[in-house]
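> Fold the following.
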Amino acid sequence: MSMHEVEENPLDVYLRADRMPHIWCPGCGLGIVTGAFIRAIQKSKIDPKLVSVVAGIGCTGRIPGYLNFDTFHTTHGRAIPFAIGLKIAKPDLHVFVISGDGDLFAIGGNHIIHAARRNVNITVICVNNFNYGMTGGQVGPTTPEDARTTTTPYGNIEPAFNLPYVMASAGAVYVARWTTLQPRKILDSILEAMQKDGFSFIEIISPCPTAYGRRNAQKDAMETMKIYQYKTRVKNGADPKEADITLNGEILTGKFVDIEKTTYLDRVKVLIEKANKKGA
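Below is the predicted model of the structure:
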């Protein structure tokens, strides 16, 4: 290979090179999430033509735009209903939703709890950076109490959602949480989640040094990664109730839920069969 030739990365086939460079800030964890996702697809050996990725609005919502699959960049908070419609229309597709904590659990909160309740056959990856990073760093539903944001300069007074607990309570058959310091765990979890029949959910705790970190004694992404290193505890099978996150406190990670239940598509098939028999 000459000095002017560049060796092709085997993962390039999964990316849209014409969309590079990306828009994410230095130190953002979304590159790690994107890398883990495409490696999981590669390792699964499924046909990329059978992969569809849906996202809403926000920093995380930009991920599908860089992926060389069929992708949908939907309206704010509406990624879940788009994904459900896609899965029902094309049951053979592996449908993923990759979006942020604000998009999925604030404006989209109603959609995600009912998707879990119905046990719809989709995999949701929620990247949680504890604030609305793209629009200025405002407080969100996962912002820890006492954390500072642009709209809580004296500290957040609202209790935060414990996302694994919310999803387990709503009926998800697979629930896990990891940080971006655990990329292999993220990869393995995506592989597991996409093989589940039903609604699977993975939360990924990720740095936002530009908006959230610098306001909360995390001057750069390395400081945040140190918190992940020293404050993270892996406890597979833990009760999701234990997974609350406090400001710079312990982060419980692991696979919390892995069960089997009748799926939404199974119920739809039964309903169609009943309707056909009645019509006959």
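> alpha carbons only for contacts and neighbour counts from here, please
Will do.
> what separates the helix-or-strand element of the chain with minimal mean pLDDT from the chain centre, distance-wise?
Least confident helix or strand, the chain: helix 264-279 with a mean of 89, by mean pLDDT, DSSP states H and E. Counting by Cα atoms, centre = their mean, to the nearest Å, helix 264-279 is centred 32 Å from the centre of its parent chain.
> And it, what's buried?
Y264, L265 (16 or more other Cα atoms under 10 Å).
> same question, stretch 60-71
Those would be T60, G61, R62, I63, P64, G65, Y66, L67, N68, F69, T71, for stretch 60-71 by 16+ other Cα under 10 Å.
> Against A36, how distant is K90?
Separation of K90 from A36 (Cα to Cα, to the nearest Å): 25 Å.
> List the contacts of T180.
In this structure, T180 makes contact with G29, I32, V33, I186, I204, I205, S206, P207, judged by Cα atoms under 8 Å, 6 or more residues apart in numbering.
> Show me what the helix or strand containing Q42 is packed up against.
Using DSSP states H and E, Q42 sits in helix 30-44. Under the contact definition 3 or more Cα pairs under 8 Å, 6 or more residues apart in numbering; DSSP states H and E, helix 30-44 sits against helix 183-194.
> How far off centre is the helix it packs on?
11 Å.
> what's the angle between it and helix 30-44?
With axes from the mean of the first three to the mean of the last three Cα atoms, to 10 degrees applied, the angle from helix 183-194 to helix 30-44 works out at 50 degrees.
> tell me which residues in helix 183-194 are buried?
Buried residues in helix 183-194, counted by 16+ other Cα under 10 Å: P183, K185, I186, L187, S189, I190, L191, A193, M194.
> a markdown table for those, including pLDDT?
Listed next are these as a markdown table, based on pLDDT from 0 to 100:
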| residue | pLDDT |
| --- | --- |
| P183 | 97 |
| K185 | 98 |
| I186 | 98 |
| L187 | 98 |
| S189 | 98 |
| I190 | 98 |
| L191 | 97 |
| A193 | 98 |
| M194 | 96 |
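> Closest one to A170 out of these, please.
A170 lies nearest to A193 out of these, by Cα to Cα, at 16.7 Å.
> my read: that closest one touches T123, true?
Yes - counting by Cα atoms under 8 Å, A193 does reach T123; the two are 6.5 Å apart.
> Now do the shared contacts for those two.
S200, F201, I202.
> Mind giving me the PyMOL select for those, buried ones only?
To isolate the buried members of these in PyMOL, using 16+ other Cα under 10 Å:
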select buried, resi 200+201+202
